[in-house]
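S.K.: this one's sequence-less:
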């Protein structure tokens with residue numbers, strides 16, 4: 001019997017995070033795919049918020065991706081995915097929070113802005129987020145290819161799923177990452193090359209098609 005059961009949805013970047021953590025730690029798990037448009041009646045029993053991911057471990061339910069990932073790192077401590085010092089762990093939590101509250105929101109607001117008038121300020125907001133991640137994050141956190149140096153951390157796995165889906169803003173909004181984001185571009189390439197990332201990766205067309213309903217103008221989405 002699997003050690004952990006994860007309730008997931010392939011399209012969801014938050015569930016993607018936890019699948020990568022499970023795979024990187026080589027935790028034995030079973031996956032239950034949830035149709036987010038037609039959730040089963042029993043789903044609130046394993047996810048009181050009605051979202052993925054949630055996990056069941058030792059008969060207990062844990063939900064919210066950032067919390068789930070820290071839980072997994074505590075219960076299955078090898079390889080460690082948090083820095084070894086209190087300050088390092090605090091900064092890792094800051095960056096996970098920045099992704100959740102700033103970067104992810106900026107990207108999705110631009111993607112959903114079908115009116116060109118609204119897109120200019122939202123492009124600037126996303127530019128600012130990416131440059132902040134470049135200059136205050138990757139350039140200051142470590143010299144290696146990952147966020148905190150030579151080995152991946154929860155921060156890397158928290159951000160990467162959104163960059164696998166970055167093709168959506170590139171496609172629908174003709175958006176390009178700021179030229180100054182050289183470390184960020186290199187980090188994306190490093191993450192894409194990880195075997196566990198390649199194992200469950202989807203091509204851009206997978207995400208572009210699924211984003212069409214809310215990213216494209218109404219008449220195009222209806223086609």
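M.R.: Good, I have the coordinates. None of the values given here were measured: they were computed from a predicted structure. Numbering: from 1, shown residues only.

S.K.: Spit out the contact partners of residue 9.
M.R.: Contact partners of residue 9, counting by Cβ atoms under 8 Å, 6 or more residues apart in numbering, are 15, 33, 34, 35, 36, 52. The way it works is simple: take the backbone N, C-alpha and C, and place the C-beta from them, glycine included.

S.K.: for residue 129, same thing?
M.R.: 102, 103, 106, 107.

S.K.: And residue 30, by the same measure?
M.R.: By Cβ under 8 Å, 6+ apart, the contact set of residue 30 is 2, 4, 5, 6.

S.K.: same thing with residue 113?
M.R.: Residue 113 touches 119, 122, 173, counting by Cβ under 8 Å, 6+ apart.

S.K.: can you do 10 Å?
M.R.: Listed by Cβ atoms under 10 Å, 6 or more residues apart in numbering, the contact set of residue 113 reads 119, 120, 121, 122, 123, 172, 173, 215.

S.K.: Also residue 13?
M.R.: Counting by Cβ under 10 Å, 6+ apart, residue 13 has contacts 65, 99, 104, 158, 159, 160, 161, 162, 163, 164, 165, 207.

S.K.: got the residue ranges for the strands in the protein?
M.R.: 4-8, 29-33, 54-57, 60-63 (DSSP state E).

S.K.: I'd assumed residue 10 was in contact with residue 202.
M.R.: Yes - with contact defined as Cβ atoms under 10 Å, residue 202 and residue 10 form a contacting pair (7.2 Å).

S.K.: Give the residues shared as contacts by the two.
M.R.: With Cβ under 10 Å, 6+ apart, residue 202 and residue 10 have common neighbours 16, 210.
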